[in-house]
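Visitor: Provided below for reference: sequence and predicted model.
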Amino acid sequence: MNFEAAEFDFSKAGECKIIGEIGVNHNRDIDLLFKLIDAGIEAGVDIIKLQRFSSKDELSEFASSTDYQRKAGQGESQLQMAQKLELPDEWIVKAHAYCNERNIGFLCAAFDHGSVDFIADTLGCKSIKVPSPELNNKPLLQHMAEKFDALLISTGASYLSECCQALEWVEQVASREIAFMHCVSEYPAPLNELNLSAMATLRSALNVPVGYSDHSDGIVASIAAASLGAAMIEKHYTLDKSLPGPDHKASSDIAELKILVEAVKGAVKSVGDGIKRPMSCESSNRPLIRKTLTVNAPLLLKGTVLTKDMIGIKRPATTGAVVPSDIDKVVGLRLTKDKAYDEPIKWTDFQ
């Protein structure tokens, strides 16, 4: 998928890209917006993500705020809150250009047709983020499929059947690069309800790359998702969790984001290819920790017929010595040379 200054193949195994979600944490402050971009780059994210929406097109006057929005807000309606957090288009244009200048991937979510057109026609983006509320919005999804080469689709508060339907709608329009993101639409989402195993379900049912949009506290879920094969992790971040606004408290601060980025990279490296075998780092240790058959007697003379009580099993594994799994093969054999206590028993001792 093309993200302006960066391009990633999410179908490639053994990689997990980090999307730093600014969302509405800019508080409609252009200085804060650019500080967030710089901080995300410093933390090591691969893609900076913004949101473009028109409050009047997205929300009715009767839209209720969620519990977490009410707790973080000042008693205003969801429409009033959203209007305060709309990014002016000229700021998005500047942020897009700045991300290209800084050579960092850029992604923007759209919640309405006008935003889709702006991201495609004004910014010229090739990829778009489909936010969870739009998963069942057939007209918008198909408009996105007409405008973009790639769609990254979030699936918060959805059933598998809805995800399959969304994919079908897109494919009715055109063959596009598509990835899905498992998501739980609560802020913060409780660990015991994250259901990260659903990523495998989505991957199997849809046959597309699948990642995880993490709305939980901390970094545990992101690390777990990376270990389970997430192609990408999306995480909201802020400069200060105590800032006013609906999402700051449930976002990672920059220190936590840096740890998350490193931890996810480490988790991905640790997964491996699934083939059970001695690893290269074990090559010098393998003979030291494995055992071979040894003489368990003060002295065994030439011509002695071995019995089990004459045999010990000790470290290290000596080249040419009999391994413990072959003990039954040497019991009853006659020695052709004298053997002292603790000497390894070798196959050449019976020739």
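Guide: Yep, that arrived.
Visitor: can you tell me which residues contact the most centrally placed residue in the chain?
Guide: In the chain, the residue lying closest to the centroid (Cα atoms, centre = their mean) is Ala226, at 3.2 Å. Ala226 is in contact with 16, 233, 264, 267-268, 271, counting by Cβ atoms under 8 Å, 6 or more residues apart in numbering. Every C-beta, even on glycine, is put in place using the N, C-alpha and C of the backbone.
Visitor: could you point out which element follows the helix or strand where Asp31 lies?
Guide: Secondary structure assigned from DSSP states H and E places Asp31 in helix 30-43. The first helix or strand that comes after helix 30-43 along the chain, using DSSP H and E, is strand 47-52.
Visitor: any residues touching the helix or strand hosting Ile327, and which ones?
Guide: Assigning secondary structure by DSSP H and E places Ile327 in helix 327-330. Contacts of helix 327-330 with the rest of the structure, by Cβ under 8 Å, 6+ apart, involve 293, 306, 308, 311, 313, 322, 345, 350.
Visitor: What mean pLDDT does that helix get?
Guide: Mean pLDDT, helix 327-330: 98.
Visitor: after that helix, next one along is what?
Guide: Downstream of helix 327-330, the first helix or strand assigned by DSSP H and E is strand 339-340.
Visitor: Which strand or helix spans the residue sitting furthest away from the middle of the chain?
Guide: Taking Cα atoms, centre = their mean, the residue of the chain most remote from its mean C-alpha position is Gly303, at 63.9 Å. Under DSSP H and E, no helix or strand contains Gly303.
Visitor: start at 45 instead
Guide: Done: numbering now begins at 45, and the last item shifts to Gly347.
Visitor: For it, give me its contacts.
Guide: Under the criterion of Cβ under 8 Å, 6+ apart, the neighbours of Gly347 are 378-379.
Visitor: Just the pLDDT for it.
Guide: The model's pLDDT for Gly347 equals 97.
Visitor: what's the answer for Gln113, then?
Guide: With respect to pLDDT, Gln113 has a value of 58.
Visitor: Neighbours of Ala210, how many?
Guide: 24 (other Cβ atoms under 10 Å).
Visitor: which sections of the stretch 95-244 of the chain are below the confidence cut-off?
Guide: Counting by pLDDT under 70, the stretch 95-244 of the chain contains low-confidence residues at 109-110, 112-119, 123.
Visitor: show me where it has strands.
Guide: Using DSSP state E, counting those that start in this stretch, the strands of the stretch 95-244 of the chain run over 149-154, 171-174, 194-198, 221-227.
Visitor: how about the first one: buried residues?
Guide: Taking 16 or more other Cβ atoms under 10 Å as the neighbour-count basis, strand 149-154 is seen to contain the buried residues 149-154.
Visitor: got a list of what Pro232 touches?
Guide: Shown in contact with Pro232 (Cβ under 8 Å, 6+ apart): 112, 259-261, 294.
Visitor: and if you look at Val366?
Guide: Taking Cβ under 8 Å, 6+ apart as the test, what Val366 contacts is 336-337, 373-374, 388-391.
Visitor: Try it again at 6 Å.
Guide: In this structure, Val366 makes contact with 337, 374, 389, judged by Cβ atoms under 6 Å, 6 or more residues apart in numbering.
Visitor: need the residues you listed in a markdown table with neighbour count and distance to Val174, can you?
Guide: A markdown table is the format used below for those (neighbours: other Cβ atoms under 10 Å; distance: Cβ to Cβ, whole Å):
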| residue | neighbour count | distance to Val174 |
| --- | --- | --- |
| Leu337 | 24 | 64 |
| Val374 | 19 | 67 |
| Ile389 | 27 | 67 |
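Visitor: longest helix of the protein?
Guide: helix 298-315 (DSSP state H).
Visitor: Which secondary structure elements does that helix sit against?
Guide: With contacts taken as 3 or more Cβ pairs under 6 Å, 6 or more residues apart in numbering; DSSP states H and E, helix 298-315 sits against helix 74-87, helix 264-271.
Visitor: And it, how far out from the chain middle?
Guide: Computed by Cα atoms, centre = their mean, to the nearest Å, the chain-centroid distance of helix 298-315 equals 9 Å.
Visitor: after it, next one along is what?
Guide: Trace forward from helix 298-315 with DSSP H and E and the next one is helix 330-333.
Visitor: Convert that following helix to PDB, retaining C-alpha atoms only.
Guide: This file holds the C-alpha atoms of helix 330-333, laid out as PDB (Å, rounded to 0.1, in the frame of the first residue of the first chain):
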ATOM      1  CA  ARG A 330      23.900 -27.900  21.900                       C
ATOM      2  CA  PRO A 331      26.800 -30.300  22.500                       C
ATOM      3  CA  LEU A 332      27.400 -28.800  25.900                       C
ATOM      4  CA  ILE A 333      23.900 -29.300  27.200                       C
END
